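Colleague: Have a look at this prediction, sequence included:
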Amino acid sequence: MNTTSTGSCLCESVSFEISGAMSDVIFCHCKQCRKHTGHYAAATSVNTEQLMFHQSNHLKWFASSKQAERGFCNNCGSNLFWREKKSSVIYICAGAISEPNTLKPASHIYTKYAGNYYTIPDDGEHFNYDFLEKDS
């Protein structure tokens, strides 16, 4: 079964289509994701060739570390993407994908960096990854 999903930012200045299957949702509790989204991040991933933009003139990329960058709409401020430089995979913020969709929870990562104001849900495996402070 060939599936197609669509998505956009809040103002729809950035809109896209995803062809084929998306990964289950990863919830990231790292410091960068919490600062970027205002909470922990929820994202699915696809190969870059599965992602086609209908509108992207307001899509801007921010180099959040030496290894990765984050895509957002510079008109409404919506957080949309995360990608490692030189990778063929792009992560898409799950909330930007239109419903209905087939997304399901998979796991929580970087749980040791979770905010003290919430409890991590038990809707997937928990991974307590560590990374160098300079990369966070």
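Modeller: Noted; the coordinates are in hand. Nothing here was measured: the structure is a model prediction, and the numbers come from that model.

Colleague: The lowest-mean-pLDDT helix or strand in the chain: partners in the sheet, and parallel or antiparallel?
Modeller: Each helix and strand of the chain was given a mean pLDDT (mean pLDDT, DSSP states H and E); the minimum falls on strand 125-127 at a mean of 87. Using DSSP bridges, strand 125-127 pairs in its sheet with strand 105-109 (parallel).

Colleague: Okay, buried residues for stretch 30-47 please.
Modeller: Residues 30, 32-34, 36-37, 40-46 are the ones in stretch 30-47 that count as buried (16 or more other CB atoms under 10 Å). C-beta here means a position set from N, CA and C on the backbone, and glycine is covered the same way.

Colleague: out of the residues you listed, who's nearest I18?
Modeller: Ranked by distance to I18 (CB to CB), the buried residues of stretch 30-47 are led by V46 at 5.6 Å.

Colleague: what bridges to the closest one?
Modeller: I90.

Colleague: Quick check: it vs Y117, distance?
Modeller: To Y117, V46 is 31 Å away according to CB to CB, to the nearest Å.

Colleague: what's the answer for T37, then?
Modeller: Distance from T37 to Y117, by CB to CB: 14 Å.
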